[in-house]
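> give me coordinates for this.
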Amino acid sequence: MPRIQLTGTLICANDEQAAIVATHLPRHIELTRAEAGCIRFDVTSTADPLVWDVAELFATEQAFRAHQERVAASEWGSVTAGIERKYVIAELAD
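The predicted model follows:
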């Protein structure tokens, strides 16, 4: 079964959006890393204070889908809904 990798960037339009990310990101990371099937979940700041690098790795497509569903219904999903995301999702062979 292939693993699912997501890489890309979270791009805030302004300082207000960046403050929302900074406030809610620690809990989002904590909850995601505790999910079944989460192998790696890193969201790191860049030299640009409005941009974060995102790297995720899930053991299965099912685990990745469950993560996406949880996030959509979460506080993080709600408060960051308007923030731009540029992601690439790939299947990795075992």
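> alpha carbons only for contacts and neighbour counts from here, please
OK.
> look at stretch 43-63 and report the distance between its end residues.
18 Å (C-alpha to C-alpha, to the nearest Å).
> just the strands in this protein please.
Here the chain has its strands, by DSSP state E, at 3-11, 38-45, 51-58, 84-92.
> what does the third one rub up against?
Read that as strand 51-58. 3-12, 37-46, 64 (C-alpha atoms under 8 Å, 6 or more residues apart in numbering).
> so residue 49 sits against residue 16, correct?
No. With contact defined as C-alpha atoms under 8 Å, residue 49 does not reach residue 16; the gap is 11.3 Å.
> tally of neighbours for residue 12?
22 (other C-alpha atoms under 10 Å).
> which residue sits closest to it in space, ignoring its chain neighbours?
residue 50 (4.9 Å; C-alpha to C-alpha, 6 or more residues apart in numbering).
> pLDDT wise, what is the one you found at?
For residue 50, the model assigns a pLDDT of 98.
> repeat for residue 94
71.
> check contacts around it.
Counting by C-alpha under 8 Å, 6+ apart, residue 94 has contacts 1-3.
> most neighbours out of those residues, which is it?
In those, the most neighbours by other C-alpha under 10 Å go to residue 3, 19 neighbours.
> which residues does that one form beta bridges with?
Per DSSP bridges, the residues bridged to residue 3 are residue 92.
> distance of it from residue 66?
14 Å.
> ok, now residue 83?
21 Å.
> give me the mean pLDDT for the lengthiest helix in the chain.
In the chain, taking DSSP state H as the definition, the longest helix is helix 15-33. Mean per-residue pLDDT for helix 15-33: 98.
> return the residues in contact with the residue nearest to residue 12.
11-15, 18.
> picking that back up, want to try JSON lines for the strands of the chain, with distance to residue 32 as columns?
Shown next, in JSON lines, are the strands of the chain (distance: least, C-alpha to C-alpha, whole Å):
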{"stretch": "strand 3-11", "distance to residue 32": "13"}
{"stretch": "strand 38-45", "distance to residue 32": "7"}
{"stretch": "strand 51-58", "distance to residue 32": "10"}
{"stretch": "strand 84-92", "distance to residue 32": "17"}
